[in-house]
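Visitor: Prediction below, plus the sequence it came from.
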Amino acid sequence: MRGCRFANCPQALVRYRLHTGTTKSRALRRQLRLTRAVRARYWAGHMGMAARARHAAEAALLLAPPKLVWRAFVATAYRAGK
């Protein structure tokens, strides 16, 4: 917002092992709430339709059972290594 520029690197640079006992899985709802809050505060005016749809889907996930939230997170956030 103050002239900083960001970009995504298209290559996977790290392999990350996920399982239900990790801290990330236990704190996933908190992380999701905080991520949504940051996005709403700083990026709300810059989100396109796809980003708004994802933001709404994340709100719905907060109402879902924890296992469903975990599965959705793994399915969308990480790709299997080659």
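Guide: Nice, I can see it. Numbering: from 1, shown residues only.
Visitor: would you list every one of the helices in this structure?
Guide: Counting by DSSP state H, the chain has these helices, from start to end: 23-26, 28-42, 49-61, 66-77.
Visitor: can you put these in a markdown table and add distance to N8 and mean pLDDT?
Guide: (C-beta placed from N, C-alpha, C; glycine too.) Listed next are the helices of the chain as a markdown table, based on distance: least, Cβ to Cβ, whole Å; pLDDT from 0 to 100:
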| stretch | distance to N8 | mean pLDDT |
| --- | --- | --- |
| helix 23-26 | 20 | 60 |
| helix 28-42 | 16 | 87 |
| helix 49-61 | 13 | 88 |
| helix 66-77 | 13 | 78 |
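Visitor: In a markdown table, list those helices along with distance to P10 and mean neighbour count.
Guide: Below are the helices of the chain laid out as a markdown table (distance: least, Cβ to Cβ, whole Å; neighbours: other Cβ atoms under 10 Å):
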| stretch | distance to P10 | mean neighbour count |
| --- | --- | --- |
| helix 23-26 | 23 | 13 |
| helix 28-42 | 22 | 13 |
| helix 49-61 | 17 | 12 |
| helix 66-77 | 16 | 14 |
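Visitor: Let me know which of the ones you listed is the nearest to R5.
Guide: Nearest of the helices of the chain to R5, taken as Cβ to Cβ: helix 28-42 at 14.6 Å.
Visitor: Show me what that closest one is packed up against.
Guide: In terms of contacts (3 or more Cβ pairs under 8 Å, 6 or more residues apart in numbering; DSSP states H and E), helix 28-42 is packed against helix 49-61, helix 66-77.
Visitor: for the first one, packing partners?
Guide: Using 3+ Cβ pairs under 8 Å, 6+ apart as the contact criterion, the neighbours of helix 49-61 among helices and strands are helix 28-42, helix 66-77.
Visitor: Could you export the last one as CSV, CA atoms only?
Guide: Put plainly, it is helix 66-77. Below are the C-alpha coordinates for helix 66-77, written out as CSV (Å, rounded to 0.1, in the frame of the first residue of the first chain):
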residue,chain,number,x,y,z
PRO,A,66,-12.3,-28.8,12.3
LYS,A,67,-11.5,-31.9,10.2
LEU,A,68,-13.1,-30.3,7.1
VAL,A,69,-11.2,-27.1,7.7
TRP,A,70,-7.9,-29.0,7.9
ARG,A,71,-8.7,-31.0,4.7
ALA,A,72,-9.6,-27.8,2.8
PHE,A,73,-6.5,-26.1,4.0
VAL,A,74,-4.2,-29.0,2.9
ALA,A,75,-6.0,-29.3,-0.5
THR,A,76,-5.7,-25.6,-1.3
ALA,A,77,-2.5,-24.5,0.3
